[in-house]
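1. What follows is a predicted protein model with its sequence.
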Amino acid sequence: MEKNNQTRDKAIRERRRAAAVVKGGRKAAGNFIIQGSILAIAGIIVRLIGMVYRIPLINIIGKEGNGYYTAAYDIYVILLIISSYSLPTAVSKMVAAKLGKGEYRNSQRVLKTALLYATAAGGIGAAILGLGADPLAELLRMPFCKYALLSFAPTIWIMAYLGVLRGYFQGTGNMVPTAVSQILEQLVNAAVSIGAATFLFAKGLQADAVYETEHYAHAYGAAGGTIGTGAGAFAAFLFFLFLFWVYRPVMRRQKRRDKTGRIDPYSRLLIVMTATVVPIVLSSAVYNVSAVIDNYLFSHGMDQLGRTEEIAAQWGTFGQYHLLFNIPVAMSNALSSSLIPSLTRAVAEKDRKQTLEKVQMAVRFSMIIAIPSAVGLCVLSGPINNLLFSGDDNTLLIKITIAGALAVVFFSLSTVSNAILQGLNHMNIPMRNAAIALIIHIGALEVMLLVFHWGLYSVVFANIIFSFLMCLLNAAAIRRYLRYRQEIRKTFLIPAVAALIMGGAAYGVYHGIYSLTHMNGLGTGAAIAAAMFVYGVLLIKLGGINEKELKKMPGGTRLMPVVKKLHLM
């Protein structure tokens with residue numbers, strides 16, 4: 001009898017533990033919008049810091065130097081994706097799955113396995129970039145960008161370890177360490193980049209005087225900017241080492257709480273990790289390789305058209321456009337980082353209702369940000385670009401920003417839909433869709449560049465085509481596998497109507513103030529403030545967001561008294 005009672009009590013305790021694990025998993029999963037918003041806010045801060053320091057950096061190294069920097073950065077990103085960029089997603093996905101089952105020991109074994117993987121993958125990526133800098137630079141018709149490529153090589157190895165550590169905390173549902181490390185990384189990056197670029201640009205001027213050229217100063221300055229990227233990554237890596245030292249007691253307590261008795265061998269975890277990483281790598285590589293392909297096709301196309309001297313400067317202009325473009329898209333990237341482990345838990349728990357809620361909220365949240373951002377970039381392209389890059393002729397930059405504003409919506413939506421499919425364990429679908437879109441993208445780019453002679457506009461329009469096709473293909477896959485169709489009115493129509501009215505208000509405010517004061521900065525700031533207010537009011541009054549949804553957003557609870565006082569809800 002006593003033995004039966006002990007067995008029964010043990011069973012009750014196990015059920016309670018399992019219930020606690022599931023409840024905790026659901027609580028963390030239900031909080032993914034807040035966690036994603038934390039990353040999104042950090043992403044905006046990071047992009048703003050990036051914009052602030054890139055302005056003096058571009059002024060130091062010039063459009064030619066920015067062309068070298070952008071070309072080198074595109075190649076660096078591809079090698080980073082192949083070697084380690086997928087590690088945060090893969091690690092967070094595996095850790096979340098283990099924690100959802102109460103396997104705390106295995107979650108830590110995942111971390112150790114990932115660090116081993118990062119050592120090999122990061123080292124190979126760094127070696128490829130270091131040894132291949134010369135041929136890669138020649139391939140892009142920009143031989144002087146080899147110095148920037150060489151400077152990026154050690155950063156790949158550091159980023160591999162950094163990706164693992166970020167992924168572990170994201171898998172636990174805690175995005176704060178990643179957010180803090182991103183801001184720290186960018187602050188160090190900004191300081192070192194400007195200092196190194198200034199110093200090396202001066203050295204390049206000396207080399208130009210010796211060799212009677214005009215390229216070394218721009219090339220050395222661009223390399224200085226890339227050194228800052230490595231310094232920032234190393235600072236973030238040191239931050240995570242300190243964080244894990246502090247977190248060790250918690251990890252030890254978690255191991256003691258693990259009553260599952262399941263220990264996965266490292267060899268099996270490595271196989272699972274590789275199987276998880278490879279589809280994400282291929283999908284991300286295909287999704288992001290378009291930047292390198294664009295660079296290659298644009299450079300060779302312009303060379304065939306006899307416009308070789310324009311390549312570096314125009315590609316630098318395209319890099320300036322991406323500075324603005326990446327700010328709203330960063331919101332979707334951050335939301336995706338939070339969404340994947342959250343969806344993985346919901347799928348592991350076979351909770352269809354929770355899964356559908358997360359998909360619906362993720363798409364809506366990204367569109368609430370992306371649609372007005374696209375309208376704002378279009379309406380205020382001139383004022384914003386002239387404010388940020390006041391020393392340059394921004395005619396081409398302003399035009400391509402207007403032409404490419406719509407890409408913000410499509411890239412944001414395709415990024416989130418990629419994350420949804422990965423969270424649903426359909427890892428190969430985004431890769432297949434990206435490959436299809438990329439083939440059409442390449443054909444469209446070649447026709448626009450070589451037949452219609454549209455120059456840099458060809459790249460901008462080809463990117464819109466690519467991201468639009470990704471949206472269509474991903475939406476079809478989500479509908480097929482999840483039997484789900486996104487709600488249209490509150491997700492797309494209301495934000496679009498509110499954004500169009502907002503755009504008109506911003507245009508009127510800017511030109512009204514500028515006509516009175518002739519101060520571009522004052523007019524731009526007032527127009528942005530007016531746009532945010534008008535869009536927020538219209539979004540609420542038109543029914544695009546309700547009280548419950550507003551409270552789920554960061555700062556929403558504090559904003560509610562103001563909303564109530566204005567009788568908006």
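-> All right, it came through fine.

2. show me where pLDDT drops low in the stretch 251-400 of the chain?
-> 287, 334-341 (pLDDT under 70).

3. again with the chain
-> Residues of the chain that meet the cut-off, pLDDT under 70, sit at 1-37, 40, 287, 334-341, 552-556.

4. Now do the strands in it.
-> For the chain, no strands are identified by DSSP state E.

5. Output the contacting helices and strands for the top helix by length along it.
-> If you go by DSSP state H, the chain has its longest helix at helix 32-80. When contacts are defined as 3 or more Cβ pairs under 8 Å, 6 or more residues apart in numbering; DSSP states H and E, helix 32-80 sits against helix 104-131, helix 146-171, helix 176-211, helix 216-257, helix 266-304, helix 311-348, helix 352-379. From N, CA and C alone the C-beta is placed, and that goes for glycine too.

6. Just send these back as a markdown table, with mean neighbour count too.
-> Below are the helices and strands packed on helix 32-80 laid out as a markdown table (neighbours: other Cβ atoms under 10 Å):
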| stretch | mean neighbour count |
| --- | --- |
| helix 104-131 | 20 |
| helix 146-171 | 25 |
| helix 176-211 | 19 |
| helix 216-257 | 19 |
| helix 266-304 | 19 |
| helix 311-348 | 24 |
| helix 352-379 | 22 |
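
7. Looking at those, which is nearest to H453?
-> Judged by Cβ to Cβ, the one of the helices and strands packed on helix 32-80 that comes nearest to H453 is helix 266-304, at 9.3 Å.

8. can you give me how far the closest one is from the chain middle?
-> Averaging C-alpha positions (Cα atoms, centre = their mean, to the nearest Å) puts helix 266-304 15 Å from its chain's average.

9. Check stretch 365-375 too.
-> Distance of stretch 365-375 from its chain centroid, counting by Cα atoms, centre = their mean, is 15 Å.

10. quick revisit: arrange the helices and strands packed on helix 32-80 in CSV, one row each, with distance to A42 as further columns.
-> Shown next, in CSV, are those (distance: least, Cβ to Cβ, whole Å):
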stretch, distance to A42
helix 104-131, 22
helix 146-171, 12
helix 176-211, 3
helix 216-257, 12
helix 266-304, 20
helix 311-348, 7
helix 352-379, 15
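
11. what's the closest of the ones you listed to L482?
-> Closest among these, once you apply Cβ to Cβ, is helix 352-379, at 6.9 Å.

12. other SSEs contacting that closest one?
-> Checking 3+ Cβ pairs under 8 Å, 6+ apart, helix 352-379 ends up next to helix 2-30, helix 32-80, helix 311-348, helix 395-403, helix 407-423, helix 456-482, helix 494-517, helix 520-541.

13. Tell me what angle the fifth one forms with helix 32-80.
-> Put plainly, it is helix 407-423. Orientation of helix 407-423 against helix 32-80 (axes from the mean of the first three to the mean of the last three Cα atoms, to 10 degrees) gives an angle of 100 degrees.

14. cool, the last one as well?
-> Here the directions of helix 520-541 and helix 32-80 differ by 130 degrees (the same axes, to 10 degrees).

15. So which bits of helix 520-541 are buried?
-> 520, 523-528, 530-531, 534-540 (16 or more other Cβ atoms under 10 Å).

16. Mind giving me the packing neighbours of that helix?
-> helix 352-379, helix 381-388, helix 494-517.

17. Test my guess that G376 contacts Y507.
-> No: G376 lies out of contact with Y507 (Cβ atoms under 8 Å); the separation is 10.2 Å.

18. before we move on, the earlier item: so which of the helices and strands packed on helix 352-379 is the most surrounded?
-> Comparing these by mean neighbour count (mean count of other Cβ atoms under 10 Å), helix 407-423 ranks first with a mean of 26.

19. Keeping just the C-alphas, turn it into PDB.
-> Output of helix 407-423 as PDB, limited to C-alpha atoms (Å, rounded to 0.1, in the frame of the first residue of the first chain):
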ATOM      1  CA  ALA A 407      10.200  47.100 -51.100                       C
ATOM      2  CA  VAL A 408       9.900  47.900 -47.300                       C
ATOM      3  CA  VAL A 409       6.500  46.300 -47.200                       C
ATOM      4  CA  PHE A 410       7.400  43.200 -49.300                       C
ATOM      5  CA  PHE A 411      10.700  42.500 -47.600                       C
ATOM      6  CA  SER A 412       9.100  42.900 -44.100                       C
ATOM      7  CA  LEU A 413       6.300  40.500 -45.000                       C
ATOM      8  CA  SER A 414       8.600  38.000 -46.700                       C
ATOM      9  CA  THR A 415      10.900  38.000 -43.600                       C
ATOM     10  CA  VAL A 416       8.000  37.300 -41.200                       C
ATOM     11  CA  SER A 417       6.500  34.600 -43.500                       C
ATOM     12  CA  ASN A 418       9.900  32.900 -43.800                       C
ATOM     13  CA  ALA A 419      10.000  32.800 -39.900                       C
ATOM     14  CA  ILE A 420       6.500  31.400 -39.800                       C
ATOM     15  CA  LEU A 421       7.400  28.500 -42.100                       C
ATOM     16  CA  GLN A 422      10.600  27.800 -40.200                       C
ATOM     17  CA  GLY A 423       8.700  27.900 -36.900                       C
END
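
20. That concludes my questions; thank you for your assistance.
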